[in-house]
Every structure is written in C-alpha cells, then in structure tokens.
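Colleague: how does the following fold in three dimensions:
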Amino acid sequence: VQLVESGGGLVQAGGSLRLSCVASGFTFDDGAIGWFRQAPGKEREGISCISSGDDATYYAGSVSGRFTISKDLAKKTVYLQMDNLKPEDTAVYYCAADDVLMVKNLCRTLSGLDYWGKGIQVTVSS
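Modeller: Numbers count the residues shown, from 1 in each chain. Here you go, the predicted model:
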C-alpha cells in the first residue's frame, strides 16, 4: 500500500485548499482512512477520517464545520476540502489508513497504524 498526498501549498486566511490522497493498493474493504496533521512544536493529531466500507466520518473539533472529507473509490482517492482556513491550520498534513480500525478509532490513534503517507505542507498566512 502506498499513500501519496497532494494539493498542499500557501493560502491566505479565509481561503480554501483541497488535499488528495491516492491510496494505491488499499482495498477500501475494511478499516478506515483519514487525515492527520502536525504543526511545529505540537503533537500530531487526527483531524478527519472516513470509513472504508461506508460513509461514516469523524471530524476533530478544531476543523468541524470547515473541513469536509470524502472518497472516490474508483480513483482510490480520499479528499480533504479545507475551507475558511486559519493560520493555526498551518501544519504538515498526512494521510493514514488502517485495515482494521474503525473511523473514530483511526483518528484517535497516533501509533501503530498500518499505512502513512509522507506528508504535505499547508501554510496559511494571516
């Protein structure tokens, strides 16, 4: 399994970005896939996850109402639409997946996940 993120960059506060994660080799039969981020000097956090087998989703409070996760099974791609971005959203964003963990547990687990992408930088200027 290989997870490859794209779509990051520099944006002004209030702007939008859409991240993509192509999950080559991930079956989307069980488990979940989602987005994590790590800001400088802070711990990595799970911000949004989606179930492989259905459309169940989870959002951390910090992004709820601003970010939307979705998936395209035909393209084996998971998206994170990020709207109304704030400077505190600046971080390296990672895609991660697990063959077993359910959606909420995936987002709340920082170690032992089956697959991780290399990460992509998102910078929000004030």
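Colleague: contact partners for the spatially most central residue of the chain?
Modeller: The centroid of the chain falls nearest to Trp35 when counting by C-alpha atoms, centre = their mean (1.6 Å). Going by C-beta atoms under 8 Å, 6 or more residues apart in numbering, Trp35 touches 19, 21, 46-49, 69, 78, 80, 93-96. Where you see a C-beta, it was placed from the backbone N, CA and C, and this is true even at glycine.
Colleague: in strands, which of those appear?
Modeller: Within those, residues falling in strands by DSSP state E are 19, 21, 46-49, 69, 78, 80, 93-96.
Colleague: so what's the residue count around Val22?
Modeller: Val22 has 17 neighbouring residues, counting by other C-beta atoms under 10 Å.
Colleague: go ahead and confirm it touches Leu3.
Modeller: Yes. Contact criterion C-beta atoms under 8 Å: Val22 and Leu3 qualify, at 7.3 Å.
Colleague: looking at this structure, which helix or strand does the model trust least?
Modeller: Least confident helix or strand, the chain: helix 103-107 with a mean of 90, by mean pLDDT, DSSP states H and E.
Colleague: residues touching that one, excluding its own?
Modeller: 31-34, 36, 46-51, 56-58, 60, 96-98, 113.
Colleague: just stretch 65-76 next, same as before
Modeller: So stretch 65-76 is contacted by 22-24, 26, 28, 33-35, 47-50, 57, 59, 77-85 (C-beta under 8 Å, 6+ apart).
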